[in-house]
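[1] Output the structure for:
(one chain, ligands or ions: 1)
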Amino acid sequence: MSILFLIDDKHVPLYRVMWVAATPHFCGSDECQHEGDYEIRLEQGEVVWANRKERDDLLAALEAWAGGMEESDHEEWE
Ligand SMILES: [Zn+2]
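    Purely as a prediction, here's the structure:
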């Protein structure tokens, strides 16, 4: 499984994701380009924007990735 995830034409390493918005962005600004998109916050204050499907796929990828790390931890302990 790849640790890179494609969001908004950017390959983002999963370990750089700090948090993922639970609700779509809304700020009311006329100039906002990201109304209805989901904010993905990366290390160092960088932000990428995902549509709903990308957001859901990213959450699934993060869970699979974290789950895989737990399993390899167990192998080291045993
Ligand atoms: Zn906005």
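[2] Quick one: residues in contact with stretch 4-21.
    Contacts with stretch 4-21, where a contact means CB atoms under 8 Å, 6 or more residues apart in numbering, come from 3, 38-43, 48-50, 54-55, 57-59, 61-62, 65. Backbone N, C-alpha and C define where each C-beta goes, glycine included.
[3] List the buried residues for that stretch?
    For stretch 4-21, a neighbour-count test (16 or more other CB atoms under 10 Å) marks 5, 7, 12, 14, 16, 17 as buried.
[4] What strand or helix carries residue 18?
    strand 17-20 (DSSP states H and E).
[5] Equivalent analysis for residue 58, please.
    helix 52-77.
[6] what about that helix, average pLDDT?
    For helix 52-77, mean pLDDT rounds to 82.
[7] ok so, going back, sheet partners, orientation included, of the strand holding residue 18?
    Using DSSP bridges, the strands paired with strand 17-20 are strand 38-42 (antiparallel).
[8] Identify each buried residue in stretch 53-66, please.
    So for stretch 53-66, counting by 16+ other CB under 10 Å, buried means 54, 55, 58, 61, 65.
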